[in-house]
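Asks: Below are the sequence and a predicted model for it; my questions follow.
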Amino acid sequence: MERSHPVKSTVDKIIDAVAGDEKPGEIPGVPNSEPPSLEEPTEPREPLPPKPDQEGPDTFSPTGQPTGAPQAQMAQGGAHLTTAQGLRLRDTDHSLKAGPRGPVLLQDHHLREKVMHFDHERIPERVVHARGAGAHGIFRAYGTAANVTRAAFLAEDAQTPVFVRFSTVIGSRGSADTVRDTRGFATKFYTSEGVFDLVGNNMPVFFIQDAIKFPDVIHAAKWHPDREIPQAQTAHDTFWDFVGLHTEATHHTIWNMSGRGIPRSYRMMEGFGVHTFRLVNAQGETTLAKFHWKPKLGVHSLVWEEAQLLNGVDPDFHRRDLFDAIEAGAFPEWELGIQVFPDTPDQMFEGIDLLDSTKIVPEELAPVQAIGLLTLNANTSNFFAETEQVAFHVGHLVPGIDVTDDPLLAGRLFSYLDTQITRLAGPNFAQIPINRTHAPVNDMQRDGFHQTAVHRGVAPYRPNSLDGGCPFTAGAGEGAFVEVPVEVSGRKVREAPASYADHFSQPRLFWLSMSPVEREHIIAAYTFELGKCYEQAIKERYLKVLANIDPVLCEKVAEGLGLPVPEAPEPLAEPTPSPALSMIGKTWPTDGRLVGIIAADGDVAEVEAIRQAVLEGGMTPLIIAPTGGMLGGTLPVQRTFVTARSVEFDALLVASAPPPGNDAYGARDAKAGGGTDAPVDPRVLLLINETYRHAKPIGGWGTAAQAISQAGVPPQAPGLAIAEDGMTALEETLRLLAAHRVWDRFPAAASLA
């Protein structure tokens, strides 16, 4: 899948930057394009421009015509407050009353309009994938797919604007980012032939084989209906009751129990189209294909304790990470790839049913071929107008890409349009700016809620002569979408093919493909999730499911639950492991990583050099000091011992061993405990200890070794970069960070090796 091109390592870039005259960038997170004044501004002025990292939807008309209008013309304008009709207002703080203490008058049109709009600000959230974050970008095609599809956006060097939305599945809009869950990965391509939506997940399989079961799996995974808890998690009885009885969910469930269920970042997770699609080339030849997104930064996860802490410390961690990386210029990138298969009548490949969405085709059997590069390079200018109102649909297709008979895909083709009508209040949601196509529209659709196009003509029907016969149908040679004329036949039945009955060979394939430390994490996840269930019968039932995957997995989970180990009810499959499924064993770029730097007043000069080097290496340095303000009067502090927590950082640099601060006692900061006479601030020791426990690199110089030792870290522990000077410690820390974690700190049981 990798497309080779020369790329310097992060360490090399840092060395080059420090040796040259380059200046560091800014720490991301600035609220607006200009800093605020201390006093309330009173001189009228136009609205501030957007920040450099922000952009809105391209300015196309509701019917897909480029307007050429600047994006600023789509936003509010003018220096003065107005009503929705543009009427200037002199006061918006007081209702119109009969005297200062009199009753409010019914004629107060401004009060009525202001409160009316506020009362209707919210729209129904998505039933699933409610919690999300989005960004704008560009897709550049390599041209390597031209032999299998005539889709124009996949022609060599074609560049297509895109909007991508990432999401969690189960939680509400207000839930946390780092819960254990499947993530959505939906991409809207604004192609010259119309909108193409690739609506997938960060896992290549799903819980069900047929869309008729979708309400069941979501009802089971969501909160219990009597109490509406737990929120955004599957560690409860109804979920495990369902997947224990409905064993076709076993494969997706084990993916969720792996590190894939708690990704480090949206920037560091794969995406999959899940279904098999049919591609059509210029000669009319067809191929079956699966879509894959491969992140340039690699596929990385959190550890479970880290994810749990983040849900409280920073429930916006994933969306903040995405926005900050783009603002800092560390643009996330993914290669789009395809696995291709012959379009045979049985739609099978190497014994694997390509229409079964609970199955994968291992990359060792069908390599992923790179066909283009996605770069996210701009944040939204308005979350609601763009991320919340974007409407995806698997039926938004372009010539050269068609659907197959996957019964899960069939239901999605029905459901997506249905849900948009409720969420976006009518059939004209395609006219919302973020959803507008960049291809001309002449659809003969008329009227309806929120119709913003001003149609002309008198004959919105075909055939007609009053509008000169327009619009006319097109042939394949004129860019029309033509469904592949596949022959279909069969009895009308409610059945599944026999190939769908194998529910355990691929979960076993996944298990056998994991490294020992990944297997440990899967055992821990099953033990935690099942341990949160109330009913013993549900736990015992799912242990029987695990017995069909692997006896060691079943034994270890049963041990954690304090339950007997059941016997496998049938012989175990012996698939060939797929190394491509493991997330461990490679090194990756460290672009956009967060590096915490613990410092005190005496460390300023060297810390400033380290901070600049980290910035110029494409990462974000966050100075952690005893108090806020300016360290040593010159160095800006981003975190204090009160506000910092290790889970925010990918690596930790320790410049010294700071003594306890004035607020290092429990009544002021519980992390400090009951106060201490130790020479190092207890919150610094907690930062170091958690970083070590979560297998992250730790670098240090000066008196740092004292603090690291007092934090309970063995001096010979793997992943420590203790050096004579800060730059040497930084270089070694970043070499360790390229592997994401210091995996040697997580020894696995001998039975899992």
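Replies: Cool, the structure landed. Fair warning: this is a prediction, and the values are worked out from it, not measured in the lab. Residues are numbered from 1 along each chain as shown.

Asks: Residue 506 should be in a strand, yeah?
Replies: No: when classified by DSSP: H, G, I helix; E, B strand; the rest coil, residue 506 is found to be helix rather than part of a strand.

Asks: Spatially nearest residue to it, not counting backbone neighbours?
Replies: residue 251 (4.9 Å; CB to CB, 6 or more residues apart in numbering). Glycine gets a C-beta too; all of them are placed from N, C-alpha and C.

Asks: State the distance from that neighbour to residue 510.
Replies: According to CB to CB, to the nearest Å, residue 251 stands 7 Å off from residue 510.

Asks: Tell me if I'm right that residue 484 and residue 277 touch.
Replies: No: counting by CB atoms under 8 Å, residue 484 does not reach residue 277; the two are 10.7 Å apart.

Asks: what is in contact with those two at once?
Replies: residue 402 (CB atoms under 8 Å, 6 or more residues apart in numbering).

Asks: Looking at those two, which is more packed in?
Replies: Each of residue 484 and residue 277 has its neighbours counted (other CB atoms under 10 Å); residue 277 has more, 22 against 13.

Asks: Got the phi and psi for the nearest residue to that one once chain neighbours are set aside?
Replies: With CB to CB, 6+ apart as the criterion, residue 277 has its nearest non-adjacent residue at 5.5 Å, and that residue is residue 289. Main-chain dihedrals, residue 289, degrees, to the nearest 10: phi -150, psi 150.

Asks: Could you pull up the residues touching residue 289?
Replies: 148, 276-279, 338-341.

Asks: now, which of those sits nearest residue 618?
Replies: Distance to residue 618, by CB to CB, is smallest for residue 338 among the contacts of residue 289, at 29.4 Å.

Asks: so the closest one is in which element?
Replies: Assessed by DSSP states H and E, residue 338 sits inside strand 333-342.

Asks: got the contact list for that strand?
Replies: 1-3, 139, 145, 148, 271, 276, 279, 287-297, 349, 354, 361, 363, 366-376.

Asks: can you pull out the helices in the stretch 201-350 of the chain?
Replies: Residue ranges of the helices in the stretch 201-350 of the chain, as given by DSSP state H, counting those that start in this stretch, are 214-221, 237-245, 250-257, 304-313, 317-327.

Asks: What sits closest to residue 188 if chain neighbours are left out?
Replies: Counting by CB to CB, 6+ apart, residue 188 lies nearest to residue 163, which is 4.6 Å off, once chain neighbours are set aside.

Asks: Next up, phi/psi of the one you found, please.
Replies: The phi/psi pair for residue 163 (degrees, to the nearest 10) is phi -130, psi 130.

Asks: Span of stretch 128-136 from start to end?
Replies: 22 Å (CA to CA, to the nearest Å).

Asks: Need the residues that contact it.
Replies: Residues outside stretch 128-136 that contact it (CB under 8 Å, 6+ apart): 55, 161-175, 177, 184, 186, 218, 232, 266, 318-319, 322-323, 326, 332, 376-380, 386-387, 390.

Asks: if we can go back for a sec, from the contacts of strand 333-342, which would you call buried?
Replies: Neighbour counting with 16 or more other CB atoms under 10 Å marks 139, 145, 148, 271, 276, 279, 287-297, 349, 354, 361, 363, 366, 368-376 as buried within those.

Asks: Take those residues and keep only those in strands.
Replies: 139, 271, 279, 287-295, 349, 369-376 (DSSP state E).

Asks: How far away from the center of its chain is stretch 150-162?
Replies: 24 Å (CA atoms, centre = their mean, to the nearest Å).

Asks: again, but for stretch 174-184
Replies: 9 Å.

Asks: and if you look at stretch 408-420?
Replies: Mean-position distance between stretch 408-420 and its chain equals 22 Å (CA atoms, centre = their mean).

Asks: now swap in stretch 150-166 and tell me
Replies: Centroid displacement of stretch 150-166 relative to its chain, using CA atoms, centre = their mean, is 20 Å.

Asks: can you dump the C-alpha coordinates of it into CSV?
Replies: Extracted C-alpha coordinates of stretch 150-166, given in CSV (Å, rounded to 0.1, in the frame of the first residue of the first chain):
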residue,chain,number,x,y,z
ARG,A,150,-13.9,5.3,-15.1
ALA,A,151,-14.8,7.6,-12.1
ALA,A,152,-13.4,11.0,-13.2
PHE,A,153,-12.1,11.9,-9.7
LEU,A,154,-9.8,8.8,-9.8
ALA,A,155,-8.1,9.9,-13.0
GLU,A,156,-4.4,10.7,-12.8
ASP,A,157,-3.7,14.0,-10.9
ALA,A,158,-7.4,14.8,-10.6
GLN,A,159,-7.9,17.0,-7.5
THR,A,160,-11.2,16.9,-5.7
PRO,A,161,-12.4,19.0,-2.7
VAL,A,162,-13.6,16.8,0.2
PHE,A,163,-15.2,17.1,3.6
VAL,A,164,-14.6,14.4,6.1
ARG,A,165,-16.5,13.7,9.3
PHE,A,166,-15.2,11.3,12.0
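
Asks: buried stuff in it?
Replies: 150-155, 158, 160-166.

Asks: Save these as JSON lines, and put in pLDDT, secondary structure and distance to residue 658 too.
Replies: As requested, these are exported to JSON lines (pLDDT from 0 to 100; DSSP: H, G, I helix; E, B strand; the rest coil; distance: CB to CB, whole Å):
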{"residue": "150", "pLDDT": "97", "secondary structure": "coil", "distance to residue 658": "63"}
{"residue": "151", "pLDDT": "97", "secondary structure": "coil", "distance to residue 658": "58"}
{"residue": "152", "pLDDT": "97", "secondary structure": "helix", "distance to residue 658": "59"}
{"residue": "153", "pLDDT": "98", "secondary structure": "helix", "distance to residue 658": "54"}
{"residue": "154", "pLDDT": "98", "secondary structure": "helix", "distance to residue 658": "55"}
{"residue": "155", "pLDDT": "97", "secondary structure": "coil", "distance to residue 658": "58"}
{"residue": "158", "pLDDT": "98", "secondary structure": "coil", "distance to residue 658": "55"}
{"residue": "160", "pLDDT": "98", "secondary structure": "strand", "distance to residue 658": "51"}
{"residue": "161", "pLDDT": "98", "secondary structure": "strand", "distance to residue 658": "48"}
{"residue": "162", "pLDDT": "98", "secondary structure": "strand", "distance to residue 658": "46"}
{"residue": "163", "pLDDT": "98", "secondary structure": "strand", "distance to residue 658": "45"}
{"residue": "164", "pLDDT": "98", "secondary structure": "strand", "distance to residue 658": "41"}
{"residue": "165", "pLDDT": "98", "secondary structure": "strand", "distance to residue 658": "42"}
{"residue": "166", "pLDDT": "98", "secondary structure": "strand", "distance to residue 658": "37"}
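
Asks: quick one: which of the residues you listed is nearest residue 394?
Replies: residue 165 (14.1 Å).

Asks: what's the closest one in contact with, if anything?
Replies: Here residue 165 is in contact with 132-134, 184, 186, 387, 390, 392 (CB under 8 Å, 6+ apart).

Asks: So which of those residues wins on neighbours?
Replies: Within those, neighbour counts (other CB under 10 Å) peak at residue 134, which reaches 25 neighbours.

Asks: Run through the residues that contact residue 220.
Replies: 238-239, 241-243.

Asks: which among the residues you listed gets closest to residue 43?
Replies: residue 239 (57.3 Å).

Asks: Quick check, the closest one in contact with residue 219.
Replies: No: using CB under 8 Å as the test, residue 239 is too far from residue 219 to be in contact (9.8 Å).

Asks: So for those two, which residue has more residues nearby?
Replies: residue 239 (26 against 13).
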